[in-house]
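J.: With the sequence up front, the predicted model follows.
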Amino acid sequence: MKAVWTGLAIVIALLLHTALSQIAPHQARVLDPFLLILVYCGLTGGETHGMLAGVAAGWVQDVHFGGTVVGFSGLAKLLVGFGVGVAAARFLLAGPVPRLLVLVVATLVDALLISRLAAVFDVATEELAPRALLARAVANALVGLLLFEFVDRRLRGERRT
């Protein structure tokens, strides 16, 4: 059942990112809904679920929004999802402040991995300025916190009934 919900979340992220790209192309670069999905999956499902959600979300992102080489986002998000899952298994990351920090670090690590992978394979990518990277990290953290809280409340409500 987890796979179905994760797949549905990736489709929703694809629709959201596509709509943002059409409505406000500059704002679409700031928010990464695919990263939010893999972080939530890593926090709640462990490293395997975070890793699989990361590779699926990254491949979808690469195919629809990527550049000339497909796979950089998939590999970067796989590694980030695995790292978040391992951290969630070892540390208590259930509160809003730890989740906020995880989202910020995950955003920074994702951008760093993509830029380093592009450098290794000699592929030109757009480098984010430090200010733009900070804006992306803050946007992902705030939207992610609200989204995670909403999903957690919905899940708690379903378990009670």
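T.: That came through fine.
J.: residue ranges for the helices of the protein, please.
T.: If DSSP state H is used as the criterion, the helices of the chain fall at 2-23, 25-28, 33-65, 72-90, 96-120, 130-160.
J.: would you list those in CSV and tack on mean neighbour count?
T.: All C-beta spots, glycine's among them, are computed from the backbone N, C-alpha and C. Output for the helices of the chain, formatted as CSV (neighbours: other C-beta atoms under 10 Å):
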stretch, mean neighbour count
helix 2-23, 14
helix 25-28, 12
helix 33-65, 23
helix 72-90, 22
helix 96-120, 17
helix 130-160, 14
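J.: The ones you listed: lowest mean pLDDT?
T.: If you rank the helices of the chain by mean pLDDT, helix 25-28 sits at the bottom with a mean of 75.
J.: hmm, who's touching that one?
T.: Helix 25-28 has contacts (C-beta atoms under 8 Å, 6 or more residues apart in numbering) with 17, 20, 21.
J.: can you do 6 Å?
T.: 20, 21 (C-beta atoms under 6 Å, 6 or more residues apart in numbering).
J.: OK, contacts around the residue lying closest to residue 100 once chain neighbours are set aside?
T.: Nearest residue to residue 100, sequence neighbours excluded (C-beta to C-beta, 6 or more residues apart in numbering): residue 141, at 5.0 Å. Going by C-beta under 6 Å, 6+ apart, residue 141 touches 100, 103, 104.
J.: Name the nearest of the residues you listed relative to residue 11.
T.: residue 103 (21.4 Å; C-beta to C-beta).
J.: out of the contacts of residue 141, which one sits closest to residue 70?
T.: Closest to residue 70 out of the contacts of residue 141 is residue 103 (25.4 Å), distances taken as C-beta to C-beta.
J.: can you pull the contacts of the closest one?
T.: Contacts of residue 103 (C-beta under 6 Å, 6+ apart): 39, 140, 141, 144.
J.: what's the farthest-apart pair in those?
T.: Maximum distance among the contacts of residue 103 (C-beta to C-beta): 9.8 Å, for 39 and 141.
J.: Adding distance to residue 77, write the contacts of residue 141 out as CSV.
T.: Shown next, in CSV, are those (distance: C-beta to C-beta, whole Å):
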residue, distance to residue 77
100, 19
103, 14
104, 16
